[in-house]
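*Asks:* need a structure here:
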Amino acid sequence: MIEEFRRYIADNKLFSADEKILLAVSGGIDSMVMVHLFLRCGFEFGIAHCNFNLRGNESDGDETFVGKFSEDHKISFFSNRFETESYSVEKGLSIQMAARELRYQWFEDIRNSEGYHLIALAHNLNDNIETFLINLVRGSGIAGFAGIPPRNERLIRPLLFASRSEIREYCDKYEIKYREDSSNADTKYVRNKIRHLIVPVLKEINPAFEKTIEETIARITEVNEIYSEHISSLRRSLIKENRIGYSVALDEIINLTPLNTMIFELFRGFGITRTMIPEFVKLASAKSGSQLITCSHRFIKNREEILIVSVDTAKERYFVYNCLDELREDSRLGRISVVGCTSEFNFPGESDTSCLSLNKLKFPLIARSWRHGDYFYPLGMNKRKKLSDFFIDNKFSIPEKENAMVLETDGKIACIIGVRTDNRFRITRSTTKCLVIESQDNRS
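*Replies:* Here you go, the predicted structure:
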């Protein structure tokens, strides 16, 4: 098994011999075999153990066992006790998801603080098969059938090649001690139901079931690589990033086939679920301003395109600046500068830059989201205009209007930041200093 272990690491380019690896060790058979293999190969590594305080004395016994093993073998040891139940309630997560979130964040903290390159997890072939079957039962895209990856960013799984029976055989051969987790036998958990009730039946039907599924997962993984690259290429060509979020031309989306699958794959990163696909299709033929809202984004029909913006863009912003230095130090509005207005001064030509006569501004200045009822005197006009009318006349989209901010001085609007200066605060011959705001939040 040790040669297969070395070969699997090399074939999947999991890590190099000079890298330092942090092993996640529960004390169970899989993780203890992983430690044994790392020791025999002479790799540099440390051990991290999580005590989730879910099994009373049994959890404490696991921690003691792993700590003693680390001490006996002079291996760097890190342990942490988590209040998993209270964390799950606080975050609204299941116990399993709470434990997952806690351990991965802690592993990453240790990796960064202690100089480890990667984190090794002891998932095996049967874990991969069980994940495949769980996704099959619950429903999944092609990525869900591709199984657990050998490497995912900083996480590696060097035991994925080995079945549970092979791991047990290796454990017996070298008399490796380990702790048995009693919860592994509890069939109230979905994974345990699959492991203890479903897989044995499938092995009766096909004694080579594990090998067959392993080969199937390998084929799907390769197909998924081709599929994912095609979707990524489409996503790059169709979805355009702008200053308020993203946009996509309707005629380029609605003619894709198969349409439902394409919509899901292209936009699932923006919170689109399969049940939302019919609503997305309806949005394409709806009137401008119609919206589809997901957990993280809003899809807004805007003439012949769909705009995609974060749900946070609708939140009101309000900043107060008591002096020029405070304004200069705050980067939220963009780049702020003050220039002298001499005969050599040239107005910036960029459409996202506001130029104001500093002499006419009175502190404190307020930068805020615009409000219905706001009005100003657009540059070049001596007649006031409501901002809502200005936005309509200039064909602002919904997110562009939500994104618009004004600079207010002494109760007057000096400019729509990065869009239009108020005529009362324009640069004139009497202006000696000019306030220049190069906006980051303007029309795309």
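
*Asks:* give me the pLDDT for the closest residue in space to V436 that isn't next to it in sequence.
*Replies:* Spatially, and ignoring its direct neighbours in sequence, V436 is nearest to S337 (4.8 Å; Cβ to Cβ, 6 or more residues apart in numbering). In short, each C-beta sits where N, CA and C put it, glycine included. Listed pLDDT for S337 reads 91.

*Asks:* one more: C341?
*Replies:* 82.

*Asks:* which phi and psi does the spatially most central residue of the chain have?
*Replies:* Ranked by distance to the mean C-alpha position of the chain (Cα atoms, centre = their mean), the top residue is G269 at 8.6 Å. Main-chain dihedrals, G269, degrees, to the nearest 10: phi -70, psi -10.

*Asks:* I308 versus that one, what's the distance?
*Replies:* 10 Å (Cβ to Cβ, to the nearest Å).

*Asks:* tell me, how many residues neighbour G340?
*Replies:* Using other Cβ atoms under 10 Å, G340 has 11 other residues around it.

*Asks:* can you point out the buried residues in the particular helix or strand that has Y246 in it?
*Replies:* Y246 belongs to strand 245-249 when assigned by DSSP states H and E. The neighbour-count check on strand 245-249 (16 or more other Cβ atoms under 10 Å) flags G245, Y246, S247, V248 as buried.

*Asks:* with distance to T294 and pLDDT added, can I get those in CSV?
*Replies:* Converted to CSV, the buried residues of strand 245-249 look like this (distance: Cβ to Cβ, whole Å; pLDDT from 0 to 100):
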residue, distance to T294, pLDDT
G245, 13, 89
Y246, 13, 94
S247, 16, 95
V248, 15, 96
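
*Asks:* my guess is S310 contacts F299. True?
*Replies:* No. Counting by Cβ atoms under 8 Å, S310 stays clear of F299, with 11.6 Å between them.

*Asks:* same drill for the two, tell me which one is more crowded.
*Replies:* Neighbour count, other Cβ under 10 Å: between S310 and F299, F299 has more, with 25 against 15.

*Asks:* what pLDDT does the more buried one get?
*Replies:* We have a pLDDT of 94 for F299.

*Asks:* related to what we said a few turns ago, among the buried residues of strand 245-249, give me the pair with the biggest separation.
*Replies:* Pairwise distances across those (Cβ to Cβ) peak at 10.6 Å, for the pair G245 and V248.

*Asks:* next, T131: secondary structure please.
*Replies:* Per DSSP: H, G, I helix; E, B strand; the rest coil, the local secondary structure of T131 is helix.

*Asks:* a markdown table for the buried residues of strand 245-249, including distance to R7?
*Replies:* As requested, the buried residues of strand 245-249 are exported to a markdown table (distance: Cβ to Cβ, whole Å):
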| residue | distance to R7 |
| --- | --- |
| G245 | 46 |
| Y246 | 43 |
| S247 | 48 |
| V248 | 45 |
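
*Asks:* pick the one among those closest to R195.
*Replies:* Y246 (42.0 Å).

*Asks:* skip the chain neighbours and tell me the closest residue to the closest one.
*Replies:* Closest to Y246 by Cβ to Cβ, 6+ apart is I308, at 4.2 Å.

*Asks:* ramachandran angles for that neighbour?
*Replies:* phi -120, psi 120.

*Asks:* and it, bridged to which residues?
*Replies:* For I308, the beta-bridge partners under DSSP bridges are Y246, F299.

*Asks:* that one: neighbour count?
*Replies:* 26.

*Asks:* next one: the one 3 residues further on
*Replies:* Under the neighbour criterion other Cβ under 10 Å, V311 is assigned a count of 13.

*Asks:* who touches the helix or strand bottoming out on mean pLDDT in the chain?
*Replies:* Counting by mean pLDDT, DSSP states H and E, the chain has its least confident helix or strand at helix 142-145, which shows a mean of 83. Residues from elsewhere that reach helix 142-145, judged by Cβ atoms under 8 Å, 6 or more residues apart in numbering: F132, N135, L136, I217, I220, V223, N224, Y227, S228.

*Asks:* next, format those residues as a markdown table and append distance to S439, neighbour count and secondary structure.
*Replies:* Formatted as a markdown table, the contacts of helix 142-145 follow (distance: Cβ to Cβ, whole Å; neighbours: other Cβ atoms under 10 Å; DSSP: H, G, I helix; E, B strand; the rest coil):
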| residue | distance to S439 | neighbour count | secondary structure |
| --- | --- | --- | --- |
| F132 | 50 | 22 | helix |
| N135 | 46 | 16 | helix |
| L136 | 50 | 12 | helix |
| I217 | 50 | 20 | helix |
| I220 | 48 | 18 | helix |
| V223 | 46 | 13 | helix |
| N224 | 42 | 17 | helix |
| Y227 | 40 | 16 | helix |
| S228 | 37 | 14 | helix |
